[in-house]
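S.K.: with the sequence up front, the predicted model follows.
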Amino acid sequence: MCYLLTAAREFVLADGAPASADGLPPLEDPRFGVAGQGRSRALRRVWLDTFDWRLFRAGLTMEHQSGRGTAELLLTGRDGEIAAAHQAPGRLRWPCLIDDLPAGPLREHLTPVAGVRALLPVARATSVLTERRGVNADDKTIAMLTIDRMTAAGPGRGPFAVRVAVRPLRGYQAEAGKLADVLAAAPGVGPAAVSAFEQALAAAGRKPGDYSSKIDVHLSDAMPATLAMVTVLVRLFDTARANVDGTVRDIDTEFLHDLRIAVRRTRSVLKMAGSVLPDSMVSRYRPEFKWLGDLTTPTRDLDVYLLGYAAMTTSLVAGTPAELAPFREHLARQRAAAQRQLARGLRSARFAALTRRWPAELGQLGRSPGRRPATGKFAARRIAAAHGRALRCGSAIDPGSPPESLHELRKRCKELRYLLEVFASLHDPAEQWRAVNELKALQDCLGEFQDTEVQQAELRAFATQMMADRSAPAETLLAMGEIAARLAVRQRAARGEFAGRFAEFASPRGQARFGALTGAAS
Amino acid sequence: MKVLATYNIKGGVGKTSTAVNLSYLAAMDGYRVLLWDLDPQAAASFLFRVRPKVKGGGKALIAGKRPIDDAIKATDFDGLDLLPADFTYRNLDLHLDSERKSATRLRGLLAPLRREYDVVVLDCPPSISLLSENVLHAADLLLVPLIPTTLSVRTLDQVTDFIAGFDGRRPGVLAFFSMIDRRKRLHREIVGELPAERNDVAAAMIPALSVIERMSVQRAPVTASAPRSQAARCYRELWQEACARVGLRPARPRTGSSPS
């Protein structure tokens, strides 16, 4: 019997619908019958997704079902078909990183979707399930009928209408489809408009996809620029705040990443578009967000190292992964210390004051934003200015320029990128995409150049520390040296690539892409 | 994936009963099992209440025009699927003969099922033919039921001689006494003597029991319908010996695989 790998058709039974002792309406068709003793079992159900809904966006639903002595993880696709299932008798604790799930097809399926993100409970319910067999005239089982009486956790907990799922057995899809048609025609039976997951989610007051790190605000050309900036800053603050708890609890590395990006975007908005905000506000909050940004840096830098560690070890030629292991332990210790420092900062009175005052002041300003300038013109001017600065900065770079000049250009490009993202809703999506793509290619090259330089410097600092505390044998330092050499090679390659990338960005075609966004202002 | 085949040149020796019960026990042990009913008499399909019909018949399957996957039916037992018989299987020899590498075609057809199944059991028709040769080439272990009679023992010699002539890969052989009637002197003598003469005879034996005959009335493996019966115990012993021969470790046992 292999019904788990096939899609189910689901129905709901209206209250008071005629039902036989097994809880199902009578099937008025001699070709089919219902058999089995209808043993019931209670299940705890937890639906899981990453914080940024990666499974939902990929059309997947993940459920952890556990009952007396049994536990199972189920991964279903868009059409309700089970993509992978895993018996999980051991106790699973949520949140859980994908790497910590039991090995098997389910984990293989999830790894490319969820990546480094942890799975978190998004909805919970309990169900009393009764299984019956749908049989044909030969008394052969053709489908499993599951009667589900569910109560969800949360304010709108139910109980909900009884659900009946008809799950065909392998090789009996057509016959089971006819059985489902017969059931659908029975009085008091209707199609299930939403899945059990959607019901449980609604009961918990959640909506799928209710978090995104994108600046998805809708601005208009005529909107006062002050109001537009307040809207953006409120959105960025919401994103930052949404990630604080996950960062403090250290659920996965992307909470900190999203928090940090929101803070960096906030700082860029204050710097690049702060002219439409009160001076006093900008001068008070720029140092606060700088402090917050700096607070996140050490942990994130170490995360980058640790996330890239596996790739680092596979690139070793002379050294071995085992020789590098003390370096990983050193990184892990450093990260644990940095994380404690970060968590302390995020629990501090200074951070609490920032999260209290900042939205209040933004709210106040949003209620009386003034009229001018209009957002369309303001955005075009700011983007054109940032674009011009990036062009001037890059044009001054020649093969003899020091690394600092490329670092400077990287900063200018980041500012331009953030402005493009902030004002994205004003632009034609295709034009926006072309401009961002052009810029992104240059940023990737600059990022590779700077990241490899910083990592080489950090590697030297780590080696010095490890020698000082005598935690590194000579072979570990040699392996680290090999990694440093590889970083240097990558940096040189990025430096060699730079001129071509910048020439493309600064070409008439590249400039035209930005001109299309900024219109007269450019 | 391990391929087991119940095979004997003679008919009516307990091949289907063995295939059905061992398939069920394998599924109960947590393996993903496919039973292929290769016998046009379709007894295994009947026992699992599956209609003996394959779209396009045996010809389409052998020619690869219809994927084996499409013809598989779930039984009423968790982890146990069936590839049903079809009356056109009586011509399988002809269809195999028209294929390239005609003696190993069956093995090639089974190869794509490797990801989906841990154990495949072939229930073969009684004969010595191109189909039998295919089965011998595909199987890791041949389970040869023997009624303890002189003629039956002679067929075991014929099978082992035939396999000895293979180049390269050869299946293991595990013969076992089937339908033993202890009231018969000849049965008692052969059961007592043959295991001492050969090392491919199992210690497990299946007596002639009415509960096994009644499988066709119950339409379920005796190991499922009467799990505490002597017959079920004997099949379990045989399954354990078969596991040891092919290196199958007991997987995670299933619970509640009864259809009701």
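M.R.: The structure has been received and is ready for your questions.
S.K.: in the stretch 151-260 of chain B, which spans are strands?
M.R.: Using DSSP state E, counting those that start in this stretch, the strands of the stretch 151-260 of chain B run over B:172-180, B:201-207.
S.K.: tell me which of those strands sits most buried.
M.R.: Comparing the strands of the stretch 151-260 of chain B by mean neighbour count (mean count of other Cβ atoms under 10 Å in any protein chain shown), strand B:172-180 ranks first with a mean of 22. Yep, even glycine has a C-beta here, placed from its N, CA and C like the rest.
S.K.: pull up the pairing partners for that one, direction included.
M.R.: Sheet pairing of strand B:172-180 (DSSP bridges) gives strand B:141-146 (parallel), strand B:201-207 (parallel).
S.K.: how about the strands of the stretch 151-260 of chain B in JSON lines, adding mean pLDDT and distance to A:G293?
M.R.: Below are these laid out as JSON lines (pLDDT from 0 to 100; distance: least, Cβ to Cβ, whole Å):
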{"stretch": "strand B:172-180", "mean pLDDT": "93", "distance to A:G293": "69"}
{"stretch": "strand B:201-207", "mean pLDDT": "93", "distance to A:G293": "73"}
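S.K.: out of those strands, nearest to B:D39?
M.R.: Nearest to B:D39, of all those, is strand B:172-180, at 16.1 Å by Cβ to Cβ.
S.K.: what pLDDT does the model give residue 135?
M.R.: Chain wasn't specified; assuming chain A. Note on A:V135: pLDDT of 93.
S.K.: um, chain B though
M.R.: Looking at B:V135, its pLDDT is 88.
S.K.: got any ranges where chain A has weak pLDDT?
M.R.: Where chain A drops to pLDDT under 70, the residues are A:1-7, A:17-22, A:37-38, A:89-90, A:158, A:520-522.
S.K.: got the domain boundaries for it?
M.R.: A:3-203, A:225-521 (automatic domain parsing).
S.K.: the shortest one close to chain B?
M.R.: Yes. Contact of domain A:3-203 with chain B is found when judged by Cβ under 8 Å from any Cβ of the partner chain, involving A:3, A:35-37, A:87, A:133, A:138-141, A:169-172.
S.K.: max pairwise distance over those residues: which two?
M.R.: Farthest-apart pair in the residues of domain A:3-203 next to chain B is A:Q87 and A:D138; separation 30.9 Å (Cβ to Cβ).
S.K.: now render the strands of the stretch 151-260 of chain B as CSV, adding distance to B:T150.
M.R.: Formatted as CSV, the strands of the stretch 151-260 of chain B follow (distance: least, Cβ to Cβ, whole Å):
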stretch, distance to B:T150
strand B:172-180, 14
strand B:201-207, 15
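S.K.: longest helix anywhere in the chain?
M.R.: Picking chain A for this. helix A:429-468 (DSSP state H).
S.K.: wait, chain B
M.R.: helix B:230-246.
S.K.: now that helix: average pLDDT?
M.R.: Per-residue pLDDT over helix B:230-246 has a mean of 94.
S.K.: what do you get for stretch B:155-168?
M.R.: In this model, stretch B:155-168 has an average pLDDT of 86.
S.K.: who's in contact with it?
M.R.: Stretch B:155-168 has contacts (Cβ atoms under 8 Å, 6 or more residues apart in numbering or on different chains) with B:7-10, B:128, B:136-137, B:142, B:144, B:146, B:170-171, B:173, B:175, B:198, B:200.
S.K.: emit the ChimeraX select command for whichever of those are buried.
M.R.: Listed next is the ChimeraX selection for buried residues among the contacts of stretch B:155-168, using 16 or more other Cβ atoms under 10 Å in any protein chain shown:
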select /B:7,8,9,10,136,137,142,144,146,171,173,175,200
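S.K.: out of the contacts of stretch B:155-168, the closest to chain A would be?
M.R.: Nearest to chain A, judged by Cβ to the nearest Cβ, of the contacts of stretch B:155-168 is B:Y7 at 25.6 Å.
S.K.: might you report the residue contacts of that closest one?
M.R.: B:15, B:122, B:124, B:132, B:135-136, B:139, B:142-144, B:159.
S.K.: what subset of the residues of domain A:3-203 next to chain B is buried?
M.R.: A:3, A:35-36, A:133, A:140-141, A:169-172.
S.K.: format the residues you listed as TSV; extra columns: secondary structure and distance to A:A42.
M.R.: Listed next are those as TSV, based on DSSP: H, G, I helix; E, B strand; the rest coil; distance: Cβ to Cβ, whole Å:
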residue	secondary structure	distance to A:A42
A:Y3	helix	21
A:A35	strand	23
A:G36	coil	18
A:R133	strand	21
A:K140	coil	29
A:T141	strand	24
A:L169	coil	25
A:R170	coil	28
A:G171	coil	31
A:Y172	coil	29
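S.K.: ok but A:V46 is inside a strand, no?
M.R.: Yes. Assessed by DSSP: H, G, I helix; E, B strand; the rest coil, A:V46 belongs to a strand.
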